[in-house]
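In: one predicted model, sequence on top.
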Protein chains: 2
Amino acid sequence: MYRIDCLQFANWSETIFREMNEGGVHAVHVTIAYHETFRETVEQMARWNRWFEKHSDLIIPGRTAADVDLARETGRTAIIFGFQNPSPMEADIDLVEILHTLGARFMQLTYNNQSLLATGCYEEDDTGVTRMGREVIKEMNRVGLVVDMSHSADRSTIEAAEISDRPIAITHANPHAWHPALRNKRDEVIRAVTENGGMMGFSLYPHHLKDKTECTLESFCQMVADAAETYGVEHFGLGSDLCQDQPDSVVEWMRVGRWTKGIDYGEGNASAPGFPPQPTWFESNLHFGNIEDGLRAVGFDEAETAGLMGDNWYRFFAENFGPVGGAA
Amino acid sequence: MYRIDCLQFANWSETIFREMNEGGVHAVHVTIAYHETFRETVEQMARWNRWFEKHSDLIIPGRTAADVDLARETGRTAIIFGFQNPSPMEADIDLVEILHTLGARFMQLTYNNQSLLATGCYEEDDTGVTRMGREVIKEMNRVGLVVDMSHSADRSTIEAAEISDRPIAITHANPHAWHPALRNKRDEVIRAVTENGGMMGFSLYPHHLKDKTECTLESFCQMVADAAETYGVEHFGLGSDLCQDQPDSVVEWMRVGRWTKGIDYGEGNASAPGFPPQPTWFESNLHFGNIEDGLRAVGFDEAETAGLMGDNWYRFFAENFGPVGGAA
């Protein structure tokens, strides 16, 4: 059984890398860019290269499913790079392959706002995938950079799922029907992604949870069970959106970047602008066992539980992290 | 037998790629930067990515010795990226690994002038490898980016050969004793490089040849024979410095870059500022057979000829294109 988390954005430290290991997490998709330019993204990769060198006993670069196997066999964690926005490719389609060569495996087409490629979930009007968006999806398909629509608007997401020749992902979100947050996904969106072979990772970010910080493990796992029954268990995994140890200044950068001189609270508000506290049953990488137990408790069998905890993402990585038919 | 050219800087075209194939050239080290910044170097890589896609029947990226084998088995040519100057890493040691990940396998520490790392062969005073140079050599050793001292001054080259934990290269030059050009290498320089396991590629650039354009194949091959006898045949290969189909504006960029607003003629002069014509027996990738015949004619046996034509570079690539003990 693999244990994979398909989205974290922690304030990275040796402590957290140790917790990943101790928590038995074989791979984590980490966000390395929200609004960064290409050059700033390279800086982030360089920062990770230093960690890979310094903490080679704990983490390794994750570029293929084989790297996840290597991590599992050697008791380490494979770190997979992703962007929450296409800003690292700037306006240059050639940078898709360059960024993939540098290790990027997920790229969101939008982060809340309209991008050059599609519409974000906070825009009033969703005009779908743009002309450039179509070309970039084709290029992402070619090299094996996964289209992630977690922060995109509905029509854009549905179109991306249909336009893409390869399955796409919503790495971190939950069904809107369970908790009607703007970022959670409506039935027709989840259907479009899963019917085209795509994956969705369930989020543990309090704003995406029913009753937020007070959400119970039982409620979360029952939501998973309902989604699995509706769309097929093989299309789901975890994408916790864990933002461990981050100062509140970071959530401001995530929301505001350089697109406004003002302030935008995103899923927060003026009286609670920071990161919300996690539910007590999922505060760190040490807590995946709670979720595994909770999934069994709502009736998932061993294979289904394994699929949800990581095997489904592993299969998705193996099929989508490189050129079609190439090594992945 | 491998056929490898360890330096070309042509005005790349489908015609030249076809000539590489027809000439049976399994790998070519191509210069992709003279004075370019990091971002400009990425542009050059992107340009090559487009050629790799468009001409996938002729060329493939060359990042490991295994890629050279793949090229040979499939009748194509592996293209290996190199820089004639450390400008692509700017002043940032972290970019060494980033550039290696993007495919760079050779980097000159200097191009004619003083750099942040060492002294170039046109400077009056050669102060050797700098403090930063020592650190960068260590980092290049770690990731498997080969130190190339073709355009460096003598003391800097000798020091680099001694400081480096792994063999270094002079990818394109000839012995100074045969033709006393500034760019050709004196006995003590060749000795320092070869005694530390390094390689030198014989240049076919007319300024490096005795009698320049009029140099005979016999004279060239006898020079090779003399060098092989003095330093050991296993330390040599070809690095033709072929600049096929280039307009003269390019040699100006090579020599002047952005370091002067004036003009510098390098190995040329005001009355002959452009590229000199090649000897008739080496004008393109179709002519490697002439050299192979010439080497046999001066007495090299089959194994020695194979070594000089490519096997020695192949072995060097296999040992030096990745981390020590890692895949290369």
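Out: Ah, there it is.
In: please tell me how far the closest residue to A:Ala78 other than its chain neighbours sits from chain B.
Out: Leaving aside its chain neighbours, A:Ala78 sits nearest to A:Gly62 (3.1 Å; criterion: CB to CB, 6 or more residues apart in numbering or on different chains). In short, each C-beta sits where N, CA and C put it, glycine included. For A:Gly62, the distance to chain B equals 14 Å [CB to the nearest CB, to the nearest Å].
In: A:Gly62 and A:Ile80 touch, don't they?
Out: Yes. The pair A:Gly62 / A:Ile80 is scored as a contact, 4.0 Å apart, by CB atoms under 8 Å.
In: give me the common contacts of these two.
Out: Taking CB atoms under 8 Å, 6 or more residues apart in numbering or on different chains as the contact rule, A:Gly62 and A:Ile80 both touch A:27-28, A:105.
In: which residues of chain A fall in strands?
Out: A:4-8, A:27-33, A:59-61, A:77-83, A:104-108, A:146-148, A:169-170, A:199-202, A:236-238 (DSSP state E).
In: the last one - what's its average pLDDT?
Out: To tie it back to what came earlier, the one meant is strand A:236-238. For strand A:236-238, mean pLDDT rounds to 98.
In: and it, how far from the chain's centre?
Out: Put simply, strand A:236-238 sits 10 Å off its chain's centre (CA atoms, centre = their mean, to the nearest Å).
In: same check on the second one?
Out: Distance of strand A:27-33 from its chain centroid, counting by CA atoms, centre = their mean, is 8 Å.
In: what helices and strands are in contact with that strand?
Out: Helices and strands touching strand A:27-33, by 3 or more CB pairs under 8 Å, 6 or more residues apart in numbering or on different chains; DSSP states H and E, are strand A:4-8, helix A:38-54, helix A:65-73, strand A:77-83, strand A:104-108, helix A:312-320.
In: next, the buried residues of the lowest-mean-pLDDT helix or strand in chain A.
Out: Ranked by mean pLDDT, DSSP states H and E, the weakest helix or strand in chain A is helix A:248-256, scoring a mean of 89. Of all the residues in helix A:248-256, those buried under the rule 16 or more other CB atoms under 10 Å in any protein chain shown are A:250-252, A:254-256.
In: okay, those residues in JSON lines with distance to chain B next?
Out: Output for the buried residues of helix A:248-256, formatted as JSON lines (distance: CB to the nearest CB, whole Å):
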{"residue": "A:Val250", "distance to chain B": "22"}
{"residue": "A:Val251", "distance to chain B": "27"}
{"residue": "A:Glu252", "distance to chain B": "27"}
{"residue": "A:Met254", "distance to chain B": "24"}
{"residue": "A:Arg255", "distance to chain B": "28"}
{"residue": "A:Val256", "distance to chain B": "26"}
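In: which one of those residues is nearest to B:Glu234?
Out: Nearest to B:Glu234 out of these is A:Val250 (CB to CB; 55.5 Å).
In: who are the contact partners of the closest one?
Out: Listed by CB under 8 Å, 6+ apart, the contact set of A:Val250 reads A:11, A:243, A:275.
In: can you say which of the residues you listed are buried?
Out: By neighbour count, with 16+ other CB under 10 Å, those hold A:243, A:275 as buried.
In: from the contacts of A:Val250, which are also near chain B?
Out: Near chain B, judged by CB under 8 Å from any CB of the partner chain, there are no entries from the contacts of A:Val250.
In: which of the contacts of A:Val250 sits closest to chain B?
Out: Nearest to chain B, judged by CB to the nearest CB, of the contacts of A:Val250 is A:Asn11 at 20.3 Å.
In: for the closest one, which non-adjacent residue is closest in space?
Out: Leaving aside its sequence neighbours, A:Asn11 sits nearest to A:Asp245 (CB to CB, 6+ apart; 4.0 Å).
In: what's the answer for A:Arg72, then?
Out: A:His26 is the one closest to A:Arg72 (CB to CB, 6+ apart), at 4.4 Å.
In: wait, what's in contact with the one you found?
Out: A:2-4, A:68, A:71-72, A:77-78, A:310.
In: could you redo the last one with a cut-off of 10 Å?
Out: A:1-5, A:20, A:62, A:67-73, A:75-78, A:309-310, A:313-314 (CB atoms under 10 Å, 6 or more residues apart in numbering or on different chains).
In: and it, how far from chain B?
Out: Separation of A:His26 from chain B (CB to the nearest CB): 22 Å.
In: just the pLDDT for that residue.
Out: 98.
In: same check, this time on A:Leu204
Out: 98.
In: that one: how many residues sit nearby?
Out: Residues near A:Leu204, counting by other CB atoms under 10 Å in any protein chain shown, number 25.
In: any idea how far A:Thr280 is from it?
Out: Counting by CB to CB, to the nearest Å, the gap from A:Leu204 to A:Thr280 is 12 Å.
In: hey, what's in contact with both of the two?
Out: Residues touching both A:Leu204 and A:Thr280 (CB under 10 Å, 6+ apart): A:His287.
In: now the buried residues of helix A:248-256 in JSON lines, please, with extra columns for distance to B:Arg47.
Out: Below are these laid out as JSON lines (distance: CB to CB, whole Å):
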{"residue": "A:Val250", "distance to B:Arg47": "37"}
{"residue": "A:Val251", "distance to B:Arg47": "39"}
{"residue": "A:Glu252", "distance to B:Arg47": "39"}
{"residue": "A:Met254", "distance to B:Arg47": "34"}
{"residue": "A:Arg255", "distance to B:Arg47": "37"}
{"residue": "A:Val256", "distance to B:Arg47": "36"}
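In: contact partners for the closest residue in space to A:Glu188 that isn't next to it in sequence?
Out: Take A:Glu188 and drop its neighbours on the chain: the residue closest to it by CB to CB, 6+ apart is A:Ile158, 6.6 Å away. By CB under 10 Å, 6+ apart, A:Ile158 lies in contact with A:126, A:128-129, A:149, A:152, A:186, A:188-189, A:191-193, A:196.
In: in helices, which of these appear?
Out: A:188-189, A:191-193 (DSSP state H).
In: closest one of the residues you listed to chain B?
Out: Minimum distance to chain B across these is 28.4 Å, recorded for A:Val193 (CB to the nearest CB).
In: report the separation between the nearest residue to A:Tyr231 once chain neighbours are set aside and chain B.
Out: Excluding the flanking residues, the one nearest A:Tyr231 by CB to CB, 6+ apart is A:Thr194, at 4.4 Å. A:Thr194 sits 31 Å away from chain B, going by CB to the nearest CB.
In: residue numbers of the stretch 101-250 of chain A in contact with chain B?
Out: Within the stretch 101-250 of chain A, the residues that sit near chain B (CB under 10 Å from any CB of the partner chain) are A:101-103, A:142-143.
In: can you do 7 Å?
Out: Taking CB under 7 Å from any CB of the partner chain, the part of the stretch 101-250 of chain A that reaches chain B is made up of A:101-102.
In: A:Ala192 is in contact with A:Ala161, isn't it?
Out: Yes. Counting by CB atoms under 7 Å, A:Ala192 does reach A:Ala161; the two are 4.2 Å apart.
In: what sits against A:Ala65?
Out: A:Ala65 sits next to A:314, A:317-318, A:321, A:328 when contact means CB atoms under 7 Å, 6 or more residues apart in numbering or on different chains.
In: most neighbours among those residues, which one?
Out: Using other CB under 10 Å as the neighbour test, the contacts of A:Ala65 are led by A:Phe317, with 30 neighbours.
In: what sits closest to that one if chain neighbours are left out?
Out: Counting by CB to CB, 6+ apart, the residue nearest A:Phe317 is A:Ala65, at 4.5 Å.
In: where are the low-confidence patches of chain A?
Out: Residues of chain A meeting the criterion pLDDT under 70: A:326-328.
In: picking up where we left off before, return the most buried member of the helices and strands packed on strand A:27-33.
Out: Each of those was scored by mean neighbour count; the highest is strand A:4-8, a mean of 28, by mean count of other CB atoms under 10 Å in any protein chain shown.
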